[in-house]
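**Student:** okay, sequence plus prediction incoming.
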Amino acid sequence: MNKFVSIIILNYNSEKYIKNCLNSVFGQTYSDIEILVVDNGSKDNSIEIAKEILESYKGNKRVIQNQKNLGYAEGNNVGIRESRGEYVILLNVDTILDKDFVQEVVSSFEKDSKIGSVQGKIYQLNNNLKTKIIDTVGFTVFKSGRIIDAGQGKEDDNQYNYKIFGVNGVAPAYRRIALNDIKLNHEYLDEDFFCYCEDVDLAWRLNWRGWSVVFNPDAVVWHDRTSSKSVGKGWKEFKKTRKSQSLWMRRISWRNTWLTFIKNLPFRSFFNPQFLKRQIKFGLYLLFFEPKVLLAKFEILKLFPKMLGKRKLIMKNKKVNYVRFN
């Protein structure tokens, strides 16, 4: 008997993408699915378009309309709570799925009951053109505290030995039992984050509870990333990438990275020379070139006691004594 899969599509003013995304879900070779479109108070016509498209879909479907923009974390939490699948896929609306994506995800989960999350191979989508340039195959966490999307910006070379720390929030697939195992205060994704880095935080919690993550190169997705699509080395490329991101995005990303550290980083790692060097170096960069980003420190301080409380729960309930990262 096939396992039931929930696909949750979080929508916010996405009339440019919603049709292609839903059509790719309709075209899946795996049929035992339900589709939940969760709208975060859109002001455009995207939810009307979604309802019209879903009318022709004969399978399990549901539209949930939030009254305001709850953010990525809380919006997806609403969908997870309302869903019924044994496996849960959180699908960004600016994606297109390969027809075998869900089948490949299920096949990966079925190999081992301790697999908590599955990462597909995500390519860049440029002006609705499918490319072979990797957007992400999951993220890697370094001892320095640096977090990167593995493979990003590279031409696909069929190298399938990517070692990843967790699944990226573009199209993450989770085992429901694992999500229930790591939720804190009835939250799967941390709603204090609003958006950005909540996928990293969730990956840390899965790791602390002993759940494994696998990369399946045959589970293919195309993603239209709104920030810089080019990834290069050097100062100029770094500044170019930063400049392509809004101040709000840079500020909340830096804030949430530190909230993730406070909640999950092993205590001794805060004193690791690699960690100290990078955080001081990046802090000085922000001070001289992006001082407005540092205003997020007041939000970090405000949330610090709450994050410490969550850290105590995470460390109290952990099943492993060490989480391996690069």
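**Tutor:** Structure's in. What do you need? Only a predicted model underlies this, so the values are computations on that prediction, with no experimental measurement involved.
**Student:** contacts and neighbour counts: CA atoms only from here.
**Tutor:** Noted.
**Student:** what kind of secondary structure is the nearest residue to N20 once chain neighbours are set aside in?
**Tutor:** Nearest residue to N20, sequence neighbours excluded (CA to CA, 6 or more residues apart in numbering): I96, at 6.6 Å. The three-state label given to I96 by DSSP: H, G, I helix; E, B strand; the rest coil is strand.
**Student:** against L125, how distant is I96?
**Tutor:** Distance of I96 to L125, given as CA to CA, to the nearest Å: 8 Å.
**Student:** overlap in contacts of these two?
**Tutor:** 222-223 (CA atoms under 8 Å, 6 or more residues apart in numbering).
**Student:** so what are the sheet partners of the helix or strand harbouring A219 and their directions?
**Tutor:** Per DSSP states H and E, A219 falls inside strand 212-223. Strands adjacent to strand 212-223 in the sheet, as given by DSSP bridges, are strand 95-97 (antiparallel), strand 115-126 (parallel).
**Student:** quick one: average pLDDT of the first one?
**Tutor:** Taken as a whole, strand 95-97 has an average pLDDT of 97.
**Student:** residues making contact with it?
**Tutor:** 17, 20-21, 24-25, 125, 170, 220-224.
**Student:** just the residues you listed now: which is nearest R84?
**Tutor:** Ranked by distance to R84 (CA to CA), the contacts of strand 95-97 are led by V25 at 17.2 Å.
**Student:** what's the spacing between that closest one and L91?
**Tutor:** Distance from V25 to L91, by CA to CA: 10 Å.
**Student:** follow-up on the earlier one: what is the residue nearest to N20 paired to in the beta sheet?
**Tutor:** Under DSSP bridges, the beta-bridge partners of I96 are W222.
**Student:** can you list the buried residues in the lowest-mean-pLDDT helix or strand in the chain?
**Tutor:** In the chain, no helix or strand scores lower on mean pLDDT, DSSP states H and E than helix 235-243, which sits at a mean of 80. Residues of helix 235-243 classed as buried by neighbour count (16 or more other CA atoms under 10 Å): 241-242.
**Student:** would you put the C-alpha positions of that helix in PDB?
**Tutor:** Output in PDB follows, covering the C-alpha atoms of helix 235-243 (Å, rounded to 0.1, in the frame of the first residue of the first chain):
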ATOM      1  CA  TRP A 235      35.400  40.200  -2.400                       C
ATOM      2  CA  LYS A 236      33.700  41.600  -5.500                       C
ATOM      3  CA  GLU A 237      31.400  38.600  -5.900                       C
ATOM      4  CA  PHE A 238      30.600  38.600  -2.100                       C
ATOM      5  CA  LYS A 239      29.600  42.200  -2.200                       C
ATOM      6  CA  LYS A 240      27.600  41.700  -5.400                       C
ATOM      7  CA  THR A 241      25.600  38.900  -3.700                       C
ATOM      8  CA  ARG A 242      25.000  41.000  -0.600                       C
ATOM      9  CA  LYS A 243      23.900  44.000  -2.700                       C
END
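**Student:** distance from that helix to the middle of the chain?
**Tutor:** Mean C-alpha position of helix 235-243 versus that of the full chain (CA atoms, centre = their mean, to the nearest Å) differs by 23 Å.
**Student:** likewise stretch 45-57?
**Tutor:** On the basis of CA atoms, centre = their mean, stretch 45-57 sits 25 Å off its chain's mean C-alpha point.
**Student:** mind listing what's buried in it?
**Tutor:** Buried, per 16+ other CA under 10 Å, within stretch 45-57: 46-47, 50, 54.
**Student:** looking at those, which is nearest L276?
**Tutor:** The closest of the buried residues of stretch 45-57, once distances to L276 are taken by CA to CA, is S46, at 45.0 Å.
**Student:** give me the pLDDT value at the closest one.
**Tutor:** Note for S46: predicted pLDDT of 96.
**Student:** so it sits against I18, correct?
**Tutor:** Yes: counting by CA atoms under 8 Å, I18 is a contact partner of S46 at 6.6 Å.
**Student:** pull up the overlap in contacts between those two.
**Tutor:** Between them, S46 and I18 share these contacting residues under CA under 8 Å, 6+ apart: N11.
**Student:** taking the contacts of strand 95-97, tell me the two that lie furthest apart.
**Tutor:** Greatest spatial distance among those (CA to CA): Y17 and V220, at 17.6 Å.
**Student:** which residues touch stretch 127-141?
**Tutor:** Residues contacting stretch 127-141 (CA under 8 Å, 6+ apart): 119-125, 147-156, 162-168, 215, 222-225, 229, 325-326.
**Student:** show residues contacting the host helix or strand of E74.
**Tutor:** Applying DSSP H and E as the criterion places E74 in helix 71-82. Contacts with helix 71-82, where a contact means CA under 8 Å, 6+ apart, come from 8, 10, 36-40, 64, 66, 69, 88, 90, 187-191, 193-196, 198.
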